[in-house]
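**Student:** how does the following fold in three dimensions:
(2 chains)
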Amino acid sequence: MGALRAILIRITGTFGGRRRRAAMEEEFRAHLQMDYEENRRRGMSPEEARRMALMNSGGLTMATENVREQSGLPFLETLFHDLRYGWRTLRATPGFTIVAVLTLALGIGANTAIFSVINAVLLSPLPFRDQDRLVQLWETESAPGSYPFAGPDYIDWEVQSKTLEATAAYNYPNAMNASNGADAQPVIGCPVEASFFNVIGVSPMMGRTFTKEENQSAKSRVAVITYGFWQKFYGGSSDVLSKKLTLDGEAYDIIGVMPKALNFPSRTQVYLPKDMTTTGMRTRGQHWFRAIGKLKPGETVASAQAELSTIAANLEKQYPDSNEKVGAKVIALREQITGSSRESLLVLLGAVALVLLVACFNVANLLLARATGRLREIALRGVLGASRWRIIRQLLTESVLLSLMGAMLGLFGAWWCVNLIQNATFLPVPRTNPIALDATVLLFTAVVSVLVGIVFGLAPALQASRLDLGEELKSVAQSVLSPTGWNRRVRDLLVVGEIALSLALLTGAGLLIRSFQKMRAAETGVQAENVLTFATLLPHERYKNTPEQRAFFDQLQDRLSHSPGITGAAVATEIPLEGGNNGYIAIDGDPDPTHTNLLVEHNYVTPGYFAALGIPFIAGRNFSEQDLDYAANATERIIKLNEKDPNEKTPPDIQFTVIVSKKMADTFWPKEDSIGKSYHSPHSTTPYRVIGVVGDVSTWGVRQQSLPQTYHPFTMALGDSRAWGQVVVHSTLPAATLLSTVRNQLRQIDSSLAMIQPRTMQQVISENVQDAAVQTWLLGSFAALALLLAAVGLYSVLSYLVTQRTREIGIRMALGAQQNHVLKLVMGHAGTLTAMGIVAGVIGSLLLTRFLQSLLFGVSGRDPLTLAAVVAVLALVALIACYVPVRRAMKVDPLVALRYE
Amino acid sequence: MGNKTDVWQGTLALMILKTLESMGAQHGYGIARRIEQISGDQLQVNYGTLYPALLKLEQEGYVDSDWGVSDNNRRARYYRLTRAGKQQVKKETRDWEQATAILARFLSPEGPA
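**Tutor:** Presented below is the predicted three-dimensional model:
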């Protein structure tokens, strides 16, 4: 207790000692005087009394020093002294300080920004209670991958599982039309089971969440809104719980507001009660929603996996028709959310750390150059009795001060970046945790900057400790600055390191650029120019059945295609690149058994779809009006039959027409003409007859191989409770004009429908490679930064070399050396350093690009072309860095140079 | 310098506390003279050891100081025990007695054989 108190007092005592010193001196004087008077009283002469008193005191200077040491902490005091001294030194050379601080600010700032993302995405726990017990549940099929749930399967898992404390089903978030007065706006809604909020352990900040009963009806019109939606749509008003929200034409009571920290499933704005009735959960053959679960304490992902696999195996036996090959998959929720971005974030962190290392080398280089100028000062301090350790400590304090200054400036940059990233969509990482400069990030920055300060300060400090004082003072006396050979070697080595590291970064960036080019050039199978797409969703209330829904889409297509400037309009359930529905097919008498395990993509389109997107017909014909009518009627018949009895088989007379992709035709009918052939789904005998073959399209993004694809008449997708259509418009009008034309047409037909996600097809493609674009851009900037720093490093070493050898050059020239000799001298040195750097860098690149491989598309990590280009760029930059020093060396005037003597 | 000073300061602290306990508030000079007298002039207390020790006791909260006026009308800083100081005297006295008692057993001729 007393000791702690003493330390605190001593820390504060380190500051402001003037008043204390005055008091102490007065106390000493009083003491001395009393002693003197006492001595006088004993009969001593005044001189003797004074002498005795002084002798008793034991030396006043010593006493003052002792008291001062006790009043503060000597360690802290030295630190402050060193800091003050360092600050003065840095201020004395502003040019050096600015360059060094800027270099470090760039390095540390970039690291802080990237780390703040990593901290939010990979390091922070999910903002859920008991987040380490949360798991994502999936079903599996014979093809690899994870599949969403079928309703009855989910219920069986929920009831039977003993390793899970609770489970919660939720749909994929989807767009809805929210009418808020005049215009309809799209809103992202996510139907969830009541247990959802309990499982993630997040309580509403206002109101309540759903009850189990609300899940047991298809007509529960209650909504829980997110904090963001509350702010955006209701301005954060406190009486929001008394308001109603109109979604797809139906009024919902707002019953709760969730706290700001909740962003799961991502993009969700409104939670609705999931319809968990038997009808609402659909059949075992339809896999369409997701689920999370919470492990009981003591259970693990593995134990839950084992149990759920057993449950799934039993279901397979029980329902062989629907559940054949359907298994279970359990994965920690955290891994589920962050898994996909881990690799690219770690690559970025690695790259940005390399940039920081280059920055360190550069500043070390500058410090070494400056240290040579300070040899005299350091030698003098050594001679005056400063210990070697004391000098090292002083120099390290100075470099840590430098890096802290860099960190401060870097933090500003990082703060700006984080503000930029925070709400931007261009950085495709999960946002379950907000990206922010929080305490962890600040701690990281502090630790990094101190480490950095020590790393780059080490070389000059070591050099100082190697000083031979006698030699140094002698050379100081001669007033000739002579760097030790050690100094020169270390600086050369640092430049070689900088070149090697920037080469490695450049290679990485070069590979990503090449790969990005390949992605942009990749064949998507569509002509993306002059195409606008958006989605519409027809609420059940106003569009109850196939004819009503079809009438709407027909009218929309009709109006659009007759608008001036619009050359084509079509509707489909999916657009290219953004994924879709898939399933298996069966072909009677198919000799190849592997075909039953191949996933086939399904899209439902109107006839204009192929022309609008420029998908070519290879064989056969397009859908006719008769095909659409037939499909509409047949689908309606099936829906009506199923309403009576869900297990009713499709009538045998029904036969649909289908258009397939070239890949589909080549895969399933490799040796014969596919036109006229037919297939059926594994669980039904209804035949689908091929009437046409069209070109392949990338369904799941430009980086994925295109899958076998079928196109069905769009009218088959109608009749469902919520008809969904992706509208594709082809027009040569400017995008903005086209957008307002289309918006007007939509509003004229039905103003309550929102135009969901309007984008040009080119935007769709850009978004598809957005992550690669960001990676390429970031790694490219890091590499450029490193290259710039390396060039500065090379420049400074060469400049220094020229300054050092001005005299030698002068003598050589005086003795008749030609200019090209001088050229050789400087360029030879530059060449050696660059060559060594390049060799080391190429080796490093070959080792490091392994980590990049998974991010690359269509280019090998050892692409010789990229490597050659990078080496060429580096050599060119090195050449430019040489230019000024070489010119200076060539212009050396022998007379002036010799006068240096 | 280290160890010797520590031991010395340790005992000096107790001497100072004991002096203040028996004499009440006292200035540095008075404390020094008193310690020297009691030790039979075997100890000499100079500023360099006395004042840092007083400062340390003050930092630890065992003594408090105020400026006052001495017998012959001179401004001087007076030190006195705080409540924590009084307890500390008891504690340190006990510790010290225990330590000397233990040591005495080692030093006495009839020590454990």
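**Student:** C-alpha from now on. contacts and neighbour counts both.
**Tutor:** Fine.
**Student:** by contact count, what packs against the helix or strand containing A:Asp253?
**Tutor:** Element membership of A:Asp253, judged by DSSP states H and E, is strand A:250-257. When contacts are defined as 3 or more Cα pairs under 8 Å, 6 or more residues apart in numbering or on different chains; DSSP states H and E, strand A:250-257 sits against strand A:206-207, strand A:222-225, strand A:244-247.
**Student:** starting at the chain centroid, how far to the helix or strand following that strand?
**Tutor:** The first helix or strand that comes after strand A:250-257 along the chain, using DSSP H and E, is strand A:270-273. Relative to the chain's own centre, strand A:270-273 is displaced by 29 Å; criterion: Cα atoms, centre = their mean, to the nearest Å.
**Student:** stretch A:65-83 too?
**Tutor:** Distance, centroid of stretch A:65-83 to centroid of chain: 46 Å (Cα atoms, centre = their mean).
**Student:** next: stretch A:852-863.
**Tutor:** Worked out by Cα atoms, centre = their mean, stretch A:852-863 lies 19 Å from the chain centre.
**Student:** quick check: end-to-end length of that stretch?
**Tutor:** 12 Å (Cα to Cα, to the nearest Å).
**Student:** so what's A:Leu83 up against?
**Tutor:** Contact analysis of A:Leu83 by Cα atoms under 8 Å, 6 or more residues apart in numbering or on different chains lists A:Thr397, A:Glu398, A:Leu401.
**Student:** A:Pro186 belongs to a strand?
**Tutor:** Yes: with DSSP: H, G, I helix; E, B strand; the rest coil as the criterion, A:Pro186 is part of a strand.
**Student:** hey, what's it bridged with?
**Tutor:** Beta-bridge pairing of A:Pro186 under DSSP bridges involves A:Asn177.
**Student:** ok, the one 4 residues further on next?
**Tutor:** The residues listed as beta-bridge partners of A:Cys190 by DSSP bridges are A:Tyr271.
**Student:** on that earlier part again, which other residues reach the strand holding A:Asp253?
**Tutor:** Residues outside strand A:250-257 that contact it (Cα under 8 Å, 6+ apart) are A:204-209, A:221-227, A:230, A:240-246, A:541.
**Student:** one more: stretch A:406-423?
**Tutor:** A:100-110, A:112-113, A:116, A:427, A:434-437, A:445-446, A:449.
**Student:** in it, what's buried?
**Tutor:** A:Gly406, A:Ala407, A:Met408, A:Leu409, A:Gly410, A:Leu411, A:Gly413, A:Ala414, A:Trp415, A:Cys417, A:Val418, A:Ile421 (16 or more other Cα atoms under 10 Å in any protein chain shown).
**Student:** which of those residues sits closest to chain B?
**Tutor:** Distance to chain B across these (Cα to the nearest Cα) is lowest for A:Met408, with 35.3 Å.
**Student:** okay, now residue 86: neighbour count?
**Tutor:** As the question left the chain open, I've gone with chain A. A count of neighbours around A:Gly86, defined by other Cα atoms under 10 Å in any protein chain shown, yields 21.
**Student:** nope, chain B
**Tutor:** For B:Lys86, the number of neighbouring residues by other Cα under 10 Å comes to 17.
**Student:** then A:Leu537?
**Tutor:** 21.
**Student:** my guess is it contacts A:Asp750. True?
**Tutor:** No: if you go by Cα atoms under 8 Å, A:Leu537 and A:Asp750 don't touch, sitting 11.4 Å apart.
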